[in-house]
Each structure stands twice: as structure tokens, then as C-alpha cells.
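>>> below are the sequence and a predicted model; questions follow.
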Amino acid sequence: MGRVDFLISNPGHHLAMSRPVIERLTRQGHRCRVLSLCEFRGLRSPQGLQDVTLRRLIPFRFRSPSLALPGARRARSAGEGGLSSPAGRSSGRLRQAAWRLLLAGPLRAALRERPDLVVLPNDAAYPYDLIAALLRRRGLPFLLLQEGIRFPLPGTRDVDAYGRGGANAIAAWGPSSGEYFAERGAPPESIHLTGSPRFDNLANRPAAAERGGGPLVLLSNPIDDQGFCDHDEKLDLLEGFARAAEPVLAEGDLSLIVRLHPREDAAAVRRRLSRLRSVEVHSEEPLHDLLGRARAAVVLASTVGLEALLLGCPLGVLEIPGRGFVFDYVSSGAARGLTWSSSTASAPLTEQIERLIAPGDPDEAKVRAYLDRALSHRGTAAEQVVRCIAGLLSATGAEDRKVAQSG
């Protein structure tokens with residue numbers, strides 16, 4: 001009987017993409033366990049899970065060092081900041097200390113009962129880069145279950161490191177992701193276009209009948225942790241967008257909902273936006289319910305833009321000053337770019353927001369083409385990942401042991 005360990009550090013979307021796979025593997029007789037890094041990322045592990053064994057690796061919430069380096073936060077080119085700067089060296093030492101003192105020991109203890117396969121959502125971002133190295137040293141096979149859209153983080157050691165951590169197989173979302181991993185040296189036979197189980201429940205979800213009275217939604221994410229800006233600059237960005245939207249909201253009797261990522265500081269955002277009318281800050285409302293009624297959605301640098309497109313929600317991408325539009329939503333034509341530029345070629349941001357929420361569908365052909373390249377097997381991705389895992393277990397002999405035990 002195969003034993004499969006799933007590592008998660010986000011109680012929302014990591015569990016959403018892992019749980020349907022775990023349920024299917026369990027029905028087939030495999031033993032599955034979730035090893036949670038959530039507390040290491042300053043979050044809480046999910047509670048009340050049924051039929052899923054969950055083990056917290058550290059017992060208290062600890063806000064680990066950010067994904068990118070402090071020296072990259074104000075950098076405007078790839079050569080500024082980074083590991084060679086004093087801030088970068090300090091961050092590297094802090095990361096190593098947190099790994100050695102808090103995480104490495106509990107993880108090694110959890111792996112003493114040797115799993116047949118480990119499933120990781122990332123093999124490049126801290127601390128997954130160190131986890132992947134530990135698995136390689138121990139000869140433990142692992143699957144990279146793609147967690148989100150692919151874009152380099154400023155100031156990271158290797159901007160193309162995702163997918164190069166030595167995984168035995170990569171469960172990629174679709175053709176565009178498969179090409180990304182192949183271009184970075186992943187063996188073609190290791191790349192499986194499975195789609196993402198996280199989106200299976202959206203495949204047959206009915207589209208919103210009428211979006212005319214819905215809110216405008218700004219889907220924030222911790223771009224300050226990712227190194228695109230610092231905390232105050234991110235607050236400036238959110239406030240600037242909300243102020244630009246005010247005339248549009250007043251004219252159309254609309255509200256603006258700013259939905260935060262669990263890792264963001266909700267109190268700080270509420271304080272900054274408290275004087276603006278028709279602006280609400282949410283962190284709890286289910287994302288898909290919110291997108292299902294939204295007039296339009298705006299993202300910064302986040303996978304949730306893909307979810308908006310899947311739900312038929314018009315999508316805008318807000319330019320990050322000095323960084324532009326992160327990922328390919330805008331360049332593909334699937335989303336409208338919202339720029340801060342004051343050049344004569346660009347309308348003021350308020351006018352751009354008006355165009356985004358104006359009646360009329362987005363270019364449906366471009367959205368369909370984008371989704372086809374982004375996501376294979378929509379609605380059946382969990383089965384495809386299970387098939388990939390079964391092949392890996394067979395290769396390691398776990399399937400043979402399962403058959404022998406059942407006989």
C-alpha cells in the first residue's frame with residue numbers, strides 16, 4: 001500500500017488542490033497524510049478535516065522571512081539588491097536560522113516513517129527549496145504539483161528555478177506551463193499536463209446571469225512579500241486605485257470590495273482605506289462566490305485572475321510601478337491592463353476603470369484560447385494527478401507492495 005505525504009503552506013488553495021487528490025487515493029487504498037507548514041508562514045493550519053491525517057510541523061505561528069529578498073523591494077532592475085547586498089545576506093542568514101531551528105528537525109522526524117512519495121506545491125521558493133534538497137539527499141521521490149501561475153520574483157537567486165528542484169515528475173497545469181518547465185530543463189517525460197484540481201469545481205459552475213449590479217473587486221495579494229514593493233508602497237497602490245475608482249463608483253452606484261490574501265495585514269489596509277466611501281475590505285468571503293457576482297475583478301500578481309476568467313468575470317490587471325503587468329494576462333489579450341502612466345497615449349486610471357466595467361463581454365475568443373493553453377483537463381484534473389501519482393508509485397515499487405499485501 002502506497003504512502004503519500006502532501007506538504008502545504010497555504011490553508012486555502014494548497015488544500016483545495018490537494019484534497020480531491022487525497023480523497024481519490026484514499027479510496028484506492030493508499031495512505032495519505034498532510035504535513036502543514038502553515039504556521040511557519042504565519043497562517044493557521046486548516047481545522048476539522050475529516051478522513052485526512054494532518055500534522056502541524058511547528059506548534060505556533062511564526063512569520064517566516066518573505067519569499068523574495070528585502071534588497072529587491074525597491075530594486076528596479078535585476079542587477080540591484082539581491083543576494084550580494086547586505087540586506088540579501090542578512091535575509092539569507094535569517095532564512096537558514098529559521099530552517100535549522102524551527103523546521104528542519106520536525107520535518108525530518110515526520111519523514112522517519114519513510115513515505116513512498118512526497119507531493120510539493122513548490123520546489124524553488126523558501127522553504128520549499130530546502131525541502132526539495134532534503135528529499136533529494138534522502139532519496140525520497142517527489143512530485144511537483146504546480147501551485148499557481150509562473151513568474152519570477154524580484155531578487156531571487158534564480159528567477160527560473162521553479163521546476164528545477166529535481167522532482168521525479170511535474171503535474172503542470174496546461175500547455176503553456178509545460179513549455180515553461182521544458183524550457184528550463186525539465187525532462188519531457190517528467191512533465192504531465194494534468195490541469196489543476198483546484199479548479200475542477202469551476203468547470204460546471206453556472207456563469208453569473210447578470211453582473212450589472214455587482215461590485216468592482218480588487219483582489220490583493222502580498223506583493224510586498226514577493227519583493228515587488230515594500231509594505232507602505234503596497235498600501236499606496238491600494239489607496240491610489242481606490243481613489244481613482246471613487247468617481248466611477250459614485251456615478252454607477254457601485255461598491256469596491258478589496259479582498260485580501262490571508263497573509264496580508266487587514267487592519268493596516270482598513271486604516272488606510274477607512275476615509276474612502278463605498279470601499280469595503282474583505283478577507284473571509286468565499287472567493288468564488290465573490291467573483292460570481294462581481295461586475296469586474298482586478299488583480300496585481302495572482303492566480304486568482306485565472307479563477308475570474310474561468311467564472312466569466314471581466315479581468316483587469318493593475319500595473320505595479322516599476323514592474324509593469326506581472327504574468328501574461330494582459331499580453332495575451334485575456335485581460336485589460338490598467339496603467340498609472342500619465343503619458344498622452346494612456347487615459348487616466350479612472351477612465352480605464354470605466355472601460356473595464358462598461359457593459360459588454362470581454363473578447364471571448366481570446367479568453368477561451370488563453371484558458372485552453374493555461375489549463376488542461378478542466379473538471380477532471382484530480383483524476384489526471386492521481387494517474388500520475390500511481391505511475392510514480394509503481395516506479396518505486398509501492399504498487400507492487402500494495403498488490404502483495406492485498407493478496
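Now that the structure is in, tell me what you want to look at. Residues are numbered from 1 along each chain as shown.
>>> show me where the chain has helices.
Taking DSSP state H as the test, the helices found in the chain are 13-27, 86-98, 104-110, 128-138, 175-183, 231-252, 266-273, 287-293, 304-310, 349-357, 364-374, 381-396, 398-406.
>>> distance of the spatially most central residue of the chain relative to residue 377?
Centroid-nearest residue in the chain, with Cα atoms, centre = their mean: residue 148, separated by 4.1 Å. Residue 148 sits 17 Å away from residue 377, going by Cβ to Cβ, to the nearest Å. Using the backbone N, CA and C atoms, a C-beta is placed for each residue, glycine as well.
>>> same question, residue 98
Distance from residue 98 to residue 377, by Cβ to Cβ: 37 Å.
>>> and if you look at residue 288?
Taking Cβ to Cβ, one finds residue 288 at 19 Å from residue 377.
>>> between these two, who's got more neighbours?
Comparing residue 288 with residue 377 by other Cβ atoms under 10 Å, the one with more neighbours is residue 377, at 20 against 16.
>>> where does the stretch 201-350 of the chain have low pLDDT?
Within the stretch 201-350 of the chain, the segments meeting pLDDT under 70 span 204-212, 342-346.
>>> with the stretch 51-200 of the chain instead?
Regions of the stretch 51-200 of the chain meeting the criterion pLDDT under 70 cover residues 65-90, 152-160.
>>> could you redo the last one with a cut-off of 80?
For the stretch 51-200 of the chain, the stretches with pLDDT under 80 are 51, 63-91, 150-160.
>>> who's in contact with stretch 256-264?
Stretch 256-264 is contacted by residues 10-12, 41-43, 215-222, 225, 238, 242, 245, 249, 266, 269, 273, 278-283, 285, 287, 290, 294, 302 when judged by Cβ atoms under 8 Å, 6 or more residues apart in numbering.
>>> touching, residue 140 and residue 111? I think so.
Yes - using Cβ atoms under 8 Å, residue 140 is in contact with residue 111, at 6.9 Å.
>>> joint contacts of these two?
By Cβ under 8 Å, 6+ apart, residue 140 and residue 111 have these common neighbours: residue 118.
>>> from residue 295, how far out is the nearest residue to residue 134 once chain neighbours are set aside?
Spatially, and ignoring its direct neighbours in sequence, residue 134 is nearest to residue 107 (6.9 Å; Cβ to Cβ, 6 or more residues apart in numbering). From residue 107 across to residue 295, the span is 45 Å (Cβ to Cβ).
>>> same thing with residue 91?
Taking Cβ to Cβ, one finds residue 91 at 40 Å from residue 295.
>>> same check, this time on residue 181
Residue 181 sits 36 Å away from residue 295, going by Cβ to Cβ.
>>> and if you look at residue 219?
Distance from residue 219 to residue 295, counting by Cβ to Cβ: 13 Å.
>>> so between these two, which is more surrounded?
Per other Cβ under 10 Å, whichever of residue 219 and residue 295 has more neighbours is residue 219, with 25 against 21.
>>> quick check: bridge partners of the more buried one?
residue 259, residue 299 (DSSP bridges).
>>> my read is that it contacts residue 294, right?
No - counting by Cβ under 8 Å, residue 219 stays clear of residue 294, with 9.3 Å between them.
>>> quick check: neighbours shared by the two?
Contacts common to residue 219 and residue 294, judged by Cβ under 8 Å, 6+ apart, are residue 308.
>>> if we can go back for a sec, which ones are touching the residue nearest to the centre of the chain?
For residue 148, the contact set (Cβ under 8 Å, 6+ apart) comprises 13, 302-303.
>>> what does residue 114 give?
For residue 114, the contact set (Cβ under 8 Å, 6+ apart) comprises 3, 140.
>>> so how far is residue 36 from it?
Counting by Cβ to Cβ, the gap from residue 114 to residue 36 is 19 Å.
>>> now do the buried residues in stretch 171-191.
Buried residues in stretch 171-191, counted by 16 or more other Cβ atoms under 10 Å: 171-174, 176-178, 180-182, 186, 190-191.
>>> need the max-distance pair from these.
Farthest apart among the buried residues of stretch 171-191 by Cβ to Cβ are 176 and 190. That separation is 17.1 Å.
>>> what's the nearest residue to residue 329 if we skip its chain neighbours?
residue 335 (3.8 Å).
>>> likewise for residue 355?
Nearest to residue 355 is residue 336, by Cβ to Cβ, 6+ apart, at 6.9 Å.
>>> and if you look at residue 165?
Excluding the flanking residues, the one nearest residue 165 by Cβ to Cβ, 6+ apart is residue 123, at 2.8 Å.
>>> and the gap between that neighbour and residue 13?
17 Å.
>>> more crowded one of those two?
Neighbours were tallied for residue 123 and for residue 13 using other Cβ under 10 Å; the higher tally belongs to residue 123 (22 against 19).
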